[in-house]
Every structure is written in C-alpha cells, then in structure tokens.
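In: coordinates only, sequence not included:
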DNA sequence: CCTTGCTTACTAAGCGCTTGCTTACTTCGT
DNA sequence: ACGAAGTAAGCAAGCGCTTAGTAAGCAAGG
C-alpha cells in the first residue's frame, strides 16, 4: 500500500526533470532550451515531461519559486543570528554571496529568466523579492537609526547590496580566482564599508 | 551622384533595423524575438531585414559591439579627466552608472544576451570587456600603491564596481525613485567607500 | 497459484504552428 | 532605362504539446 508521505517513483522523476530543466535553462536560457533538451537531460522521452509537469513554463516557475524561498530563508536566518545591525549586514552579505557563488547555476535562472514567467507566476515571485528587499532594508534602517551606519540612504544601499550578490551569479565560475568562501568574506567587508559602518563598531 | 561618405537611404534603413532589434531584444530577449518582430518594428517586411543584414545574430553583434565600444570610451575618458585615483574612480563610476541608468535598454542587451553570439563574435566582445576591466583595475592598483585606497584587493573591488554598474541595467526603470544623475552620484560615493578611499582624500 | 482488471510510468508518432531565411518578382528614384 | 530598395510567398526545420497506445506492477477472485 502507498504511504501518504512516501516518496513515489513519480516524485523522483518529477525532481529529475526539474533538475534537468535547471541545468538547461542556466546553460542556454529559457527560450533557447527545448522540451526535448530537458527530457533528454532526464533520460526520458519528451512526452514524459508532460506526464509530470503542465508546461515548460511551469518548470521555470517551480525553479524560480524554490530558489527565491531558499534565498529569503537564508537572509532571514542570517539576520536572526545577531541583534546588531552591523553584524546582521555582515552575515547577510556573507551568506547571500556564498549562495550566489556556490549555486550560481540556480541563481542565474532565478534572477535572469523571470521575464519568461506568466504574469501570474511573475507576481508570485515579485512578492518574494519584495520580502527579501524589505528584510535587508530593515537592517539598514535600524543601523542608520542607531548611528552604526553613517551618511547613507538605506534604500540605495539595499539595492547596491542586492546587486553585488545577484551579479555574482552572472560572472562566477568554479575554478576562478576565489573560492565561494573567500569571495563571501571580501564582499561582507565591502558591504560594511559601503554602508558606512563606523570602524569602531566593525567586527 | 553618390558622395563617398554621404548617408544613403540604405544606411538609414540599416540603422532603423538595428534600433528595432535593440528595442525588441531588450523587451523580450534575443531568443524570444522573431525576425518578423524586428522588421515590423522598423516598418518593413521580414525579407527586408536580409537586404540589409546577414542574420538576426549579426544584429545582436552590432548592438553588443557598439555598446561595448561606447562603454570603453566612456570609462577611458572619465579616467583621463584626472590624475588622482580617487577622483578617477569617482568619475568612472559616476559616468558608468549614469550610462547604465539612461541607456538601460541597450545595456541590458549588451550585458545579458552575449550567450546568443557565435563563438567568434563572443571572443570579439570578450576582448573589449577585458579592456574595460583593465582600465578600472589600473586605477585601483595605482590608488592602492599611492595609499589612497586602503585594505582592499584591487581585483575584488574592480569586479564589485563593475557589478554595481551593470546590475543597474537589470533593475532600473524610468520614473522610479532616482533620476540617473542622483543614482550616479550616490553610487560614486559608495564606490569610494567600497575602495577604502581615505576620508581626507575624498572630494 | 494464477488469471483478471486496473493503475502507474512511460513512449512513438505526429499535429498545428512558428521559426530564420530565401527566391522570384515588383516598385521607386534618378 | 536601370540599379537600388523592398516585398509576397513560401520552404525546410524545429517548436511546444497531444494522442493513442504499451509494458510492468499489483491487489483481488477463483
């Protein structure tokens, strides 16, 4: 008999298709990827894709949704590890950059293929992006209020911090100059300076 | 009779096609744009595109090449306006961000559609990108050597500065919170802090 | 134990449509 | 009159997705 929460063969195949779609989308972009590419990547016929998923766009949505939830989670838990805005920003940037370097394949799809989503799916994702943005801005707002960050507009710095992290997905490749950990450390340092963190309060 | 360097009707039509291609590529991406879209945007039949250009990919190459040459020119002339690394960096970032905000349509195509180029064309563009990178790194190297920038690795800061500018093209839209000029000013300030420019030497 | 009937997982074939690009032809400007 | 500029029509290939069907697994009835 079938357990309610057992992992069925179908679930495994579904996941394999999502994985193959992710790899293909990251390598060639959504529109240049064919459903045949994806199916072949999962070792299946192209018809099998439609047994497990409604459409090619749905695969993109699943990838984008999952990626954004992971990112939001990551930022929130980084912020929760401290109550000092300086330390919060430092940890957020470290984890955010680490993620974008390690998972640059996922992150590339998640950030650069959103235009191929249906308007409804796009709105879903936009809501998650807004929450990510607000989490960072809240930290910066408090840091400015407390006097830990000086001479900065929180909104501009929020955009800049997000840009630094997201853009890592565009250019980062394995085997380059920096490991994800080293890069994340350098970027965390830069983010503190960028936010005008007073040297005395930096850690 | 036809002057050697007169602008012929064909030249005008060629340019109109490039312009229509730019708008379409920026709005939907290279692969989601059809040659019929481009031709219609220029008010021509789809066959006319092939009277003036070899292929859809050639249009992308022309756009990308022109955009990169403009950017390189812009950065070089910004750097030439001063001999002080601090001022050079400030001017480079100001102009670079200003360009990416004002011409975010062009910049989006120029930076995010390069994967659709033929390998030969891509190499051409990569050469230009390398020169852009080197121009910025040279300024940072000198600033570090002179002691104007402290506690930074020029290579990381170069990447970060480029990221900040390029990513503007991804998110910037007219009628948002900041005019291109205000944004460029804020980013120039941030870049100086990012590079560890000593407050005493900042202007 | 083995047939029967049903379900799950999958595929071969292909439909209707769109794609980038070409060909053969017409119109325009001088 | 003649080259330059532009088009209508359409081709071969490839697209997302569907259809109709098969093979394998499995619980229940005899």
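Out: Yes, it's here. Values in this document were obtained by computation on a predicted structure and should not be read as measured data. Numbers count the residues shown, from 1 in each chain, chains lettered A, B, ... in the order given.
In: nearest residue to residue A:20 other than its sequence neighbours?
Out: Counting by C-beta to C-beta, 6 or more residues apart in numbering or on different chains, residue A:20 lies nearest to residue A:41, which is 3.2 Å off, once chain neighbours are set aside. No exception for glycine: its C-beta is placed from N, CA and C like everyone else's.
In: wait, residue A:36 sits on residue A:46?
Out: Yes - the pair residue A:36 / residue A:46 is scored as a contact, 4.7 Å apart, by C-beta atoms under 8 Å.
In: report the buried residues of the host helix or strand of residue A:160.
Out: Using DSSP states H and E, residue A:160 sits in helix A:154-171. By neighbour count on 16 or more other C-beta atoms under 10 Å in any protein chain shown, the buried set for helix A:154-171 is A:154, A:156-170.
In: what is the nearest of those to residue A:66?
Out: Using C-beta to C-beta, residue A:169 comes nearest to residue A:66 of the buried residues of helix A:154-171, at 15.3 Å.
In: what about residue A:119, distance to DNA strand C?
Out: In this view, residue A:119 and DNA strand C are 19 Å apart by C-beta to the nearest atom of the strand, to the nearest Å.
In: hmm, stretch A:28-37 touching DNA strand C?
Out: No - judged by C-beta under 7 Å from any atom of the strand, stretch A:28-37 and DNA strand C are separated, with a smallest distance of 8.3 Å.
In: residues touching that stretch, excluding its own?
Out: Stretch A:28-37 is touched from outside by A:21, A:24-25, A:27, A:46, A:49, A:56, A:60, A:109, A:113, A:116, B:29, B:31-32, B:115-116, with contacts defined as C-beta atoms under 8 Å, 6 or more residues apart in numbering or on different chains.
In: next, the buried residues of the helix ranked longest in chain A.
Out: Scanning chain A for the longest helix, with DSSP state H as the assignment, gives helix A:119-146. The neighbour-count check on helix A:119-146 (16+ other C-beta under 10 Å) flags A:121, A:125, A:128-129, A:132-133, A:135-137, A:139-144 as buried.
In: next: stretch A:176-193.
Out: Those would be A:178, A:180, A:183-193, for stretch A:176-193 by 16+ other C-beta under 10 Å.
In: dump the residue contacts of residue A:128.
Out: Contacts of residue A:128 (C-beta under 8 Å, 6+ apart): A:65, A:68, A:69, A:72.
In: same list, the buried residues of stretch A:176-193, but only the ones touching chain B.
Out: A:178, A:183, A:186, A:187, A:189, A:190, A:193 (C-beta under 8 Å from any C-beta of the partner chain).
In: just give me the closest of those residues to DNA strand D.
Out: In terms of C-beta to the nearest atom of the strand, no member of these lies closer to DNA strand D than residue A:183, at 34.1 Å.
In: correct me if wrong: that closest one contacts residue A:102.
Out: No - with contact defined as C-beta under 8 Å, residue A:183 does not reach residue A:102; the gap is 9.9 Å.
In: what residue ranges in chain A score low on pLDDT?
Out: Within chain A, the stretches with pLDDT under 70 are A:1-6, A:201, A:203.
In: now the helices for it?
Out: Using DSSP H, the helices found in chain A span residues A:9-28, A:35-41, A:46-52, A:56-80, A:85-102, A:104-112, A:119-146, A:154-171, A:180-194.
In: let's have those helices in CSV, adding distance to residue B:92.
Out: Shown next, in CSV, are those (distance: least, C-beta to C-beta, whole Å):
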stretch, distance to residue B:92
helix A:9-28, 31
helix A:35-41, 41
helix A:46-52, 48
helix A:56-80, 30
helix A:85-102, 23
helix A:104-112, 25
helix A:119-146, 25
helix A:154-171, 16
helix A:180-194, 17
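In: could you dump the ones you listed into JSON lines and include distance to DNA strand D?
Out: Shown next, in JSON lines, are the helices of chain A (distance: least, C-beta to the nearest atom of the strand, whole Å):
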{"stretch": "helix A:9-28", "distance to DNA strand D": "9"}
{"stretch": "helix A:35-41", "distance to DNA strand D": "4"}
{"stretch": "helix A:46-52", "distance to DNA strand D": "4"}
{"stretch": "helix A:56-80", "distance to DNA strand D": "4"}
{"stretch": "helix A:85-102", "distance to DNA strand D": "27"}
{"stretch": "helix A:104-112", "distance to DNA strand D": "15"}
{"stretch": "helix A:119-146", "distance to DNA strand D": "13"}
{"stretch": "helix A:154-171", "distance to DNA strand D": "23"}
{"stretch": "helix A:180-194", "distance to DNA strand D": "32"}
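In: among these, which comes closest to residue B:86?
Out: Distance to residue B:86, taken as C-beta to C-beta, is lowest for helix A:180-194 among the helices of chain A, at 14.5 Å.
In: which outside residues touch the closest one?
Out: Contacts for helix A:180-194 (C-beta under 8 Å, 6+ apart): A:86, A:89-91, A:93-95, A:97-98, A:101-102, A:152, A:157, A:160-161, A:164-165, A:168, A:172, A:178, A:202, B:151-153, B:156-157, B:160, B:190, B:193-194, B:196.
In: what angle do it and helix A:154-171 make?
Out: Between helix A:180-194 and helix A:154-171, the angle comes out at 160 degrees (axes from the mean of the first three to the mean of the last three C-alpha atoms, to 10 degrees).
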